[in-house]
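Colleague: dropping a prediction and its sequence here:
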Amino acid sequence: MNSDIAQTIADIILREEIKNEKKIYFARMMILALMVTMMTISRLWIGEPAHETFLVIAPTSLFYLLFSFLLRHSFVKQEHQSMGKYIHTSLDLIYVVVILVGVSRMGKPYVFTGLLEAPPFFIIFLLNALSGLRFDFKISLYCAVVSILVVFGLGFYDIYSGYLIIIGGIMHTLFKASLVGGTALVSGYIGHRSKELVIQAITEEEEKKFIKSIFGRYATGEVVEDVLRRDLKLGGEEREVTILFSDIRNFTSIAARLQPNEVVSLLNDYFSEMVEVISRNGGTLNKFIGDGILVIFGAPIRHGNDAERAVMTALEMMKKLEKFNLKQAEKDREELRIGIGINTGRVIVGNIGSTERMEYTIIGDAVNFASRLESLNKELGTSIIISQSTYQHVEKIVHAKKLKPVRVKGKEKSVWVYEVVR
């Protein structure tokens, strides 16, 4: 995964965790308010004084909320985040135990029910359910284990106090423990799975942005969208492509006669005309090399007739250049001449570079041979030269003249090259 994407995901997850810690904190306050209300109503219902509820719960609850607030504040400041989660989980369960022990001494109506049936006990279910909002299954697992131990402790207390008979009490405790632990585990799994889905969605979205940032510089919007629709992954592979190299003849001497801003303006105008032709024919503009252009046909998208598209592009570039030179002549500016070399062969194509900077490019002898064909134009006085491998794909649709055999790196025999006339 690209380091920038990983950092983006980490930042988004952290923001969501901070938001969820706030939600958990306010959920605690609502749970406490609900518990106090339920206990007050139950005390009033049987005619017992309600103020005892506040005397038992208020001091513990205030300390609990204050400590929770400090932990949440520490989490927001990104201090001891992982440890803070475990401390918070432990604090939740300790609070429940303290409240249960307190209400067990209040008499009616809890004296006859036992701790496992007292209203504060059910806070454990709610707190375990909230554990999933931390997006960490280990936290929920810890919550499940500790809360199960708490339930067993409370259950044996009820058995010892006579609220439950031994056999029935053990079964009842096991049942409550499985519910409490299961709540934490299910909530943790849901939270963990949600986190995975969020990461997957963010990764896919960031990869699409990354693909657009890479391909958008040298491919049409249609090609980029096609790449995204086909769900092509960034990476390297070997495939057959057709490479087109073009270069302006004697550009060094032309540039020497012009001012720097005139050179840049001339190249920009020329490249704009050529790129329009390349894009229209489905080529991928790989890079500008000084005054030269490297174009790929067949990557990242195969068309089935990539060699034909490359040759047609070369012919259209020549026609476009004629119109460009007419405009140049009208403005009394430099006219240009170009040479084009085209070769078809197998290359390594993919993203090359560092995690901070990548380029979609091609490597292989086929690329070097296309460059050699382009430079051969100057020697032979031609404009468009194609290799034998390209000619085999287009011999029925173009008129080409056989020139001479040329040595190719990695091959024992020379190969014929052809001049495309029309």
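Modeller: Arrived safely, thanks for sending. Everything numeric in this text was worked out from a predicted model, so none of it was measured.

Colleague: please name the residues that touch E240.
Modeller: Contact analysis of E240 by CB atoms under 8 Å, 6 or more residues apart in numbering lists 298, 344-347. (C-beta placed from N, C-alpha, C; glycine too.)

Colleague: for it, what are phi and psi?
Modeller: Backbone torsions for E240, taken as degrees, to the nearest 10, come to phi -90, psi 130.

Colleague: show me what it is bridged to.
Modeller: E240 forms beta bridges with R346, as assigned by DSSP bridges.

Colleague: now T89: closest residue in space, sequence neighbours ignored.
Modeller: Leaving aside its chain neighbours, T89 sits nearest to C143 (5.0 Å; criterion: CB to CB, 6 or more residues apart in numbering).

Colleague: that older thread, can you say which of the contacts of E240 are buried?
Modeller: Neighbour-count burial (16 or more other CB atoms under 10 Å) applied to the contacts of E240 gives 298, 344-345, 347.

Colleague: of those residues, closest to I87?
Modeller: For those, the residue nearest I87 by CB to CB is V347; the value is 57.1 Å.

Colleague: T242 is in contact with that closest one, correct?
Modeller: No: at 10.0 Å, V347 and T242 do not qualify as touching, with contact defined as CB atoms under 8 Å.

Colleague: quick one, helices of the protein?
Modeller: 3-45, 51-76, 81-103, 123-130, 137-161, 166-215, 221-229, 251-256, 260-280, 306-330, 365-380, 388-394 (DSSP state H).

Colleague: just say which of those helices is most tucked in.
Modeller: Of the helices of the chain, the one with the most neighbours on average (mean count of other CB atoms under 10 Å) is helix 123-130, at a mean of 22.

Colleague: and that one, what does it pack onto?
Modeller: Packing partners of helix 123-130 (3 or more CB pairs under 8 Å, 6 or more residues apart in numbering; DSSP states H and E): helix 3-45, helix 81-103, helix 137-161, helix 166-215.

Colleague: just give the nearest non-adjacent residue to I363, would you?
Modeller: Per CB to CB, 6+ apart, closest to I363 is I348, 4.6 Å.

Colleague: distance check, the one you found against F251.
Modeller: 29 Å (CB to CB, to the nearest Å).

Colleague: one more: F297?
Modeller: 24 Å.

Colleague: equivalent analysis for K22, please.
Modeller: Plainly put, K22 is 63 Å away from F251 if you go by CB to CB.

Colleague: not counting residues beside it along the chain, what's closest to V394?
Modeller: Computed as CB to CB, 6+ apart, the closest residue to V394 that is not its neighbour in sequence is V311, at 5.0 Å.

Colleague: my guess is that neighbour contacts T390. True?
Modeller: Yes: between V311 and T390 there is a contact at 7.0 Å, judged by CB under 8 Å.

Colleague: list residues touching both of the two?
Modeller: With CB under 8 Å, 6+ apart, V311 and T390 have common neighbours I342.

Colleague: from the buried ones among the contacts of E240, pick the one nearest K401.
Modeller: Looking across these and measuring by CB to CB, the closest to K401 is T344, at 18.4 Å.
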